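Q: Let's see this in three dimensions:
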Amino acid sequence: MSLDLRLPMGLMFTLVGIILVAFGLATNGNTELYARSLGINANLWWGLVLLGFGLIMFQLGRRGQKRSANLPPPEPGTTEVRRGH
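A: You can find the predicted model right below:
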């Protein structure tokens, strides 16, 4: 079984990004909460960054799995490591 680590990693970052974006949107008008960050809604902005990174990693993982699925199966008895191009 070959699981591309970009898939679960992308899903994890996407989920955390969604949670942060939702919290940032829910607390957008709270000036006391964001006084320490100079009025910048850090939850919203970092949530968007994590969401974007997670989606990119997930797409790269899916593309890698599609590419490895199109490779011919290895010949029996060989122990070579196959890598996508």
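Q: how close does the one residue sitting closest to the centre of the chain get to residue 30?
A: Note on the chain: the residue nearest the mean C-alpha position is residue 54, at 1.7 Å, using CA atoms, centre = their mean. Counting by CB to CB, to the nearest Å, the separation of residue 54 from residue 30 is 26 Å. Any C-beta I mention is one placed from the backbone N, CA and C, and that applies to glycine too.
Q: Tell me where the model's unsure across the chain.
A: Within the chain, the ranges that satisfy pLDDT under 70 run 1, 69, 71-74, 78-85.
Q: tell me the secondary structure for the spatially most distant residue from the centre of the chain?
A: Distance from the centre of the chain peaks at residue 77, with 36.5 Å (CA atoms, centre = their mean). Under DSSP: H, G, I helix; E, B strand; the rest coil, the three-state class of residue 77 is coil.
Q: please renumber so the chain begins at 717
A: That works, and once the first residue is 717, the last one we named lands at residue 793.
Q: and the gap between it and residue 783?
A: For residue 793, the distance to residue 783 equals 25 Å [CB to CB].
Q: wait, residue 768 sits on residue 734?
A: No: taking CB atoms under 8 Å as the definition, residue 768 is not a contact partner of residue 734, at 11.5 Å.
Q: Need the residues touching each of these two.
A: Between them, residue 768 and residue 734 share no contacting residue under CB atoms under 8 Å, 6 or more residues apart in numbering.
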